[in-house]
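Visitor: The sequence and its predicted three-dimensional model are supplied below.
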Amino acid sequence: MQDSHYRFERIIVERREGGVVLFTINRPERMNATDDVLHREFALLPRLFDEDEEGTIAIITGAGRAFSAGGDYATIASDDNDYARKLAMTRETLQLVGSLLDCRKPIISAINGPAAGAGLALALLADISIANEDAVLCDGHTRIGLAAGDHAVLIWPLLCGLAKARLHLLTCRRIKGREAERIGLVSEAVPPADVLPRAFEIAAELAALPPLGIEFTKRSLNLWLCQAMPAFEASLGYELLTSFNPQLQARVGQVAGGAAR
C-alpha cells in the first residue's frame with residue numbers, strides 16, 4: 001500500500017516499530033539506477049521524512065542486488081543537451097544534499113549492493129552508513145567526461161582524506177565495502193546478510209536515546225560539511241558545464257556497452 005505521506009513511485013515505504021521508517025529504492029530490474037522520477041524522489045525524501053510526525057529514524061536500502069547503481073545510461077543517453085532537464089537535475093541535487101544536512105532526524109543507509117551517482121550521495125551523506133563488505137562503491141563521473149558533482153567533493157575529503165579522495169574521484173576506481181570501511185568512507189562493513197539487521201540494531205540504539213541530543217549533535221557535526229558547501233556548489237556547476245561536452249554521448253555509449261558485456 002502506498003504511504004499517504006510520501007506517495008513515491010520508485011521507493012517503497014514501510015513503517016516499523018519505534019518510529020523506524022524503511023525506504024527501499026525499487027527499480028531492481030535496472031539495479032535501482034536513477035531515472036528522472038527516482039532522482040526527483042531522492043531529492044524529496046529527506047524533507048518528507050523530516051516532516052513525518054510518526055517517523056523518528058530512517059533506514060534506506062535497495063531492492064534486489066543493488067543499492068543504487070548510478071544514473072541510468074538510457075536516461076543520460078536520451079538527454080540530448082536538454083537544458084531544462086539538466087537544470088532541474090542540478091536543482092534536485094542541491095535540494096537532496098541541502099535537505100540531508102538539514103534533516104533533524106537520523107538517517108541510516110544500508111548499502112546492500114553497488115552504489116554510485118546520486119544513490120552513492122544518499123548512501124554516504126546518511127548519518128550512519130552500513131555497507132555490504134563485498135558491495136562496489138564508485139563515483140564514475142570522470143569516466144564519461146563529467147566533473148564529479150553529486151556529492152563527492154563535499155564529503156569524500158572529510159571522510160577518507162584528500163589523497164584518497166583524489167585517487168578515487170579522478171580515476172573512478174571502484175572500492176569494495178570492506179576497503180571503504182578501512183579508509184573511513186563508510187561507518188561499518190558487514191557480511192551481505194547482516195547489512196539490514198545491523199542497520200535496525202543501530203536504529204534501536206538511537207531510538208533509546210533522547211531525540212534532542214541526537215538532533216543537535218547531528219546538526220553540529222554537519223557544520224563541518226556546511227563549510228565545504230561552496231566547493232560542492234562549484235563542483236555541481238562544473239558538472240552541469242561538462243554535461244554539454246560534445247563527446248559525452250559517445251562516452252556514455254562506450255561505458256554502457258562495456259557494462260553490458
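Guide: Perfect, thanks for sending it.

Visitor: Once you drop chain neighbours, what's closest to A131?
Guide: G177 (3.6 Å; C-beta to C-beta, 6 or more residues apart in numbering). To be clear about C-beta, it is placed using only N, CA and C from the backbone, and glycine gets the same treatment.

Visitor: need the contact list for that neighbour.
Guide: Counting by C-beta atoms under 8 Å, 6 or more residues apart in numbering, G177 touches I111, A131, N132, E133, D134, A135, L137, V186, A189.

Visitor: And P114, by the same measure?
Guide: M31, R65, A66, F67, S68, A69, A135, V136, L137, C138.

Visitor: SS state for the third one?
Guide: In terms of secondary structure, A66 is coil; the call rests on DSSP: H, G, I helix; E, B strand; the rest coil.

Visitor: so how far is N132 from it?
Guide: Separation of A66 from N132 (C-beta to C-beta, to the nearest Å) stands at 10 Å.

Visitor: Now the common contact residues for these two.
Guide: Common neighbours of A66 and N132 (C-beta under 8 Å, 6+ apart) are N112, G113.

Visitor: Between the two, point out the one with more neighbours.
Guide: With neighbours defined as other C-beta atoms under 10 Å, A66 and N132 compare such that N132 has more, 27 against 24.

Visitor: in the sheet, who's paired with that one?
Guide: V190 (DSSP bridges).

Visitor: That one against V190, yeah?
Guide: Yes - when contacts are counted by C-beta atoms under 8 Å, N132 is listed as touching V190 (7.3 Å).

Visitor: residues near Q227, how many?
Guide: So Q227, with other C-beta under 10 Å, has 11 neighbours.

Visitor: Give the phi and psi angles for it, as a check.
Guide: phi -70, psi -20 (degrees, to the nearest 10).

Visitor: how close does it get to E239?
Guide: 21 Å.

Visitor: Quick one, which of the contacts of G177 are buried?
Guide: Among the contacts of G177, those classed as buried by 16 or more other C-beta atoms under 10 Å are I111, A131, N132, E133, A135, L137, V186, A189.

Visitor: ok, of those residues, which one's closest to N81?
Guide: Proximity of the buried ones among the contacts of G177 to N81 (C-beta to C-beta) peaks at L137, which lies at 29.4 Å.

Visitor: Let me see the contact set for the closest one.
Guide: Neighbours of L137 in contact, by C-beta under 8 Å, 6+ apart: 111, 114-116, 120, 123, 131, 174-177, 180, 185-186.

Visitor: Can you give the distance from stretch 211-229 to the centre of its chain?
Guide: In terms of C-alpha atoms, centre = their mean, to the nearest Å, the gap separating the centre of stretch 211-229 from the centre of its chain is 18 Å.

Visitor: Tell me where this protein has strands.
Guide: 11-15, 20-25, 57-62, 68-69, 107-111, 115-116, 128-132, 136-138, 175-176, 188-190 (DSSP state E).

Visitor: Kind regards, and thank you for your time.
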